[in-house]
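K.L.:
got a sequence here, can you build the structure:
(one chain, ligands or ions: 1)
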Amino acid sequence: MDFKKDFPMLNNDIIYFDNAATSLKPKCVIDAITDYYYNYSSNAHRGDYKLSVKASNKFEDTRRKVKEFINADSEKEIVFTSGATESLNMIVSCFFKDILKENDEVITTKSEHASVILPWFNLENEKGIKVKFVSLDENYCLDENTVISMISDKTKVIVLSHITNVIGDIRNIKAIASEAHKRGIYVVVDASQSIGHINVDVKDMGADFLAFSAHKMLGPTGVGVLYGKEEFLKKFKPFKFGGGMNISFNSPKEIEYKDLPYKLEAGTQNIDGVIGLGTAIDYINKIGIKEIERIDNELKEYLIEKLKKLDNIILYNEKAKSSLVIFNVKGVFSQDTALYLDKYNIAIRSGSHCAKKLEDELGISNTCRISLYFYNTKEEIDRLIDALNNKNILEESIGV
Ligand SMILES: Cc1ncc(COP(=O)(O)O)c(C=O)c1O
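P.N.:
Down below sits the predicted model:
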């Protein structure tokens, strides 16, 4: 299928291989946002006139779509945030900060994104909890049995990405959550890299909390989702106070908050962003998540096969199953490779990709990352391979 016509960005002469940083947006998403501003621009949940009612309905339609997309039990479990980072921080600040005690342990890995690890490091500094890292296997992937074997009486939370943003391994959250729940341990999942790529089913995987950003799944920037089981979200202390989240406030001792999810959504929300997310979900559903996964896999296999034929490439994550590939060109600093490819209008990411603890396991801090999505093509991969099949990358990247 030719998806190119759906993505206005692809009319530019660009090969976009940085989908793990942010995805491109289909025209229908851009149109939905424009339609809001052109035709019913108004605040949501604030007005009784037709325009505001329409904005409110569209906003709540997206909540229902998200609920169905991730198979949550109720719309009360879907809180809109500014992105995965805010969602992951809220989970720690609004909930765990109050229930964890000194020396309680949180298990995670060194391949997680900064937004996964840092809120817990902060809590370690504030409350003396302990962040424990599970070792990765020889392919830098996570074996669920290693996580399970590390559980102790002190373990209170397991925090993992569903798919990591550098190695790209897909974690068996279901097996881990099933063991964790037998021992009353909470499971927090960062679905930033899996959402829109593979099926994310909070009930099937057993997530107590889950976070993601709209912009990595064809939606706009500045909007994300915090999912939490209702029984836990109910206990969240709001971290923002203002309009839309309260029923009444007569004095500091007489404040009545709204029910979920509004209690956690103070102030005017990112209305156009949420509407755009709803349209992104419609678009993904139209193609089908299984079909997206199939195309991602086919492209990834094609890319790996081609890269392996080049003798100047070091591949690091061949065994990981998702659509991310990390590599270096022998003797060339990753950023120089990215600058070199940019001359051919090929956009890739270089550096540590916000997973700075991974260096301890990988042994290097800088890699090039190609992250594919279903609108990429084998022809684009061929153009990348042609560009990489050059003995003078270093010289050409730094212009000597
Ligand atoms: C695995 C992972 N988690 C969290 C985030 C944070 O997402 P955002 O910057 O949209 O809040 C990212 C972004 O790159 C990511 O890749």
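K.L.:
residues in contact with the helix or strand where K67 lies: which ones?
P.N.:
Here K67, judged by DSSP states H and E, is contained in helix 50-69. Helix 50-69 has contacts (Cβ atoms under 8 Å, 6 or more residues apart in numbering) with 36, 40-47, 72, 74-75, 77-78, 80, 200, 225, 261, 269, 271, 274-275, 277-278, 281-282, 284-285. Backbone N, C-alpha and C define where each C-beta goes, glycine included.
K.L.:
mind checking which of those residues are buried?
P.N.:
36, 40, 42-45, 72, 75, 77-78, 80, 200, 225, 261, 269, 271, 274-275, 277-278, 281-282, 284 (16 or more other Cβ atoms under 10 Å).
K.L.:
please enumerate the strands of the stretch 201-350 of the chain.
P.N.:
Remark: strands assigned in the stretch 201-350 of the chain by DSSP state E, counting those that start in this stretch are 209-213, 224-228, 246-251, 254-257, 313-315, 324-329, 346-347, 349-351.
K.L.:
the ones you listed into JSON lines, with extra columns for distance to S161 and mean pLDDT?
P.N.:
Listed next are these as JSON lines, based on distance: least, Cβ to Cβ, whole Å; pLDDT from 0 to 100:
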{"stretch": "strand 209-213", "distance to S161": "10", "mean pLDDT": "98"}
{"stretch": "strand 224-228", "distance to S161": "15", "mean pLDDT": "98"}
{"stretch": "strand 246-251", "distance to S161": "34", "mean pLDDT": "96"}
{"stretch": "strand 254-257", "distance to S161": "31", "mean pLDDT": "96"}
{"stretch": "strand 313-315", "distance to S161": "21", "mean pLDDT": "95"}
{"stretch": "strand 324-329", "distance to S161": "12", "mean pLDDT": "95"}
{"stretch": "strand 346-347", "distance to S161": "23", "mean pLDDT": "98"}
{"stretch": "strand 349-351", "distance to S161": "16", "mean pLDDT": "91"}
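K.L.:
of those, which is nearest S111?
P.N.:
Nearest of those to S111, taken as Cβ to Cβ: strand 324-329 at 11.0 Å.
K.L.:
what sits up against that closest one?
P.N.:
Contacts for strand 324-329 (Cβ under 8 Å, 6+ apart): 20, 163, 165-168, 193, 300, 303-304, 307, 312-317, 334, 337, 364, 366-372, 388, 393-394.
K.L.:
among those, which are within reach of the ligand?
P.N.:
A20, N165, Q193 (Cβ under 6 Å from any ligand atom).
K.L.:
residues from the stretch 51-200 of the chain in reach of the ligand?
P.N.:
So far as Cβ under 6 Å from any ligand atom goes, the stretch 51-200 of the chain lies against the ligand at G83, A84, T85, H113, S115, V116, S161, N165, D190, S192, Q193.
K.L.:
who's in contact with the fifth one?
P.N.:
Just to be clear, that refers to S115. Contacts of S115 by Cβ under 8 Å, 6+ apart are A84, T85, L88, N89, D190, S192, C354.
K.L.:
same question, the first one
P.N.:
When the contact criterion is Cβ under 8 Å, 6+ apart, the partners of G83 are S213, A214, H215, T221, G222, V223, G224.
K.L.:
so which of the residues you listed is the most crowded?
P.N.:
Among these, the one with the most neighbours (other Cβ atoms under 10 Å) is A214, at 34 neighbours.
K.L.:
hang on, the earlier thing: with distance to R183 added, can I get the strands of the stretch 201-350 of the chain in CSV?
P.N.:
Output for those, formatted as CSV (distance: least, Cβ to Cβ, whole Å):
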stretch, distance to R183
strand 209-213, 17
strand 224-228, 20
strand 246-251, 37
strand 254-257, 32
strand 313-315, 38
strand 324-329, 32
strand 346-347, 44
strand 349-351, 38
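K.L.:
about what we covered before: in helices, which of the contacts of G83 fall?
P.N.:
Among these, no member falls in helices (criterion: DSSP state H).
K.L.:
show me which of those residues is closest to the ligand.
P.N.:
S213 (3.4 Å; Cβ to the nearest ligand atom).
K.L.:
ok, back up a step: so which of the strands of the stretch 201-350 of the chain is nearest L10?
P.N.:
Closest approach to L10 among those is made by strand 346-347 (11.8 Å; Cβ to Cβ).
K.L.:
and the closest one, which strands flank it?
P.N.:
If you go by DSSP bridges, strand 346-347 pairs up with strand 15-16 (parallel).
K.L.:
check which helices and strands the next helix or strand after the strand it pairs with sits against.
P.N.:
With elements assigned by DSSP H and E, the helix or strand that comes after strand 15-16 is helix 27-39. Under the contact criterion of 3 or more Cβ pairs under 8 Å, 6 or more residues apart in numbering; DSSP states H and E, helix 27-39 touches helix 271-287.
K.L.:
and the angle from the helix it packs on to helix 50-69?
P.N.:
Between helix 271-287 and helix 50-69, the angle comes out at 40 degrees (axes from the mean of the first three to the mean of the last three Cα atoms, to 10 degrees).
K.L.:
is any part of helix 271-287 close to the ligand?
P.N.:
No. Applying Cβ under 6 Å from any ligand atom, one finds helix 271-287 out of contact with the ligand, separated by at least 11.8 Å.
K.L.:
quick one: neighbours of the residue lying closest to M1 once chain neighbours are set aside, just the number.
P.N.:
The shortest distance from M1 to any non-neighbouring residue, by Cβ to Cβ, 6 or more residues apart in numbering, is to I287 (7.9 Å). For I287, the count of nearby residues is 15 (other Cβ under 10 Å).
K.L.:
surely I287 and Y375 touch.
P.N.:
No. Taking contacts as Cβ atoms under 8 Å, I287 lies outside contact range of Y375: 9.9 Å.
K.L.:
next up, the contacts around V223.
P.N.:
F80, T81, S82, G83, S213, A214, H215, N270, G273, V274, G276, L277.
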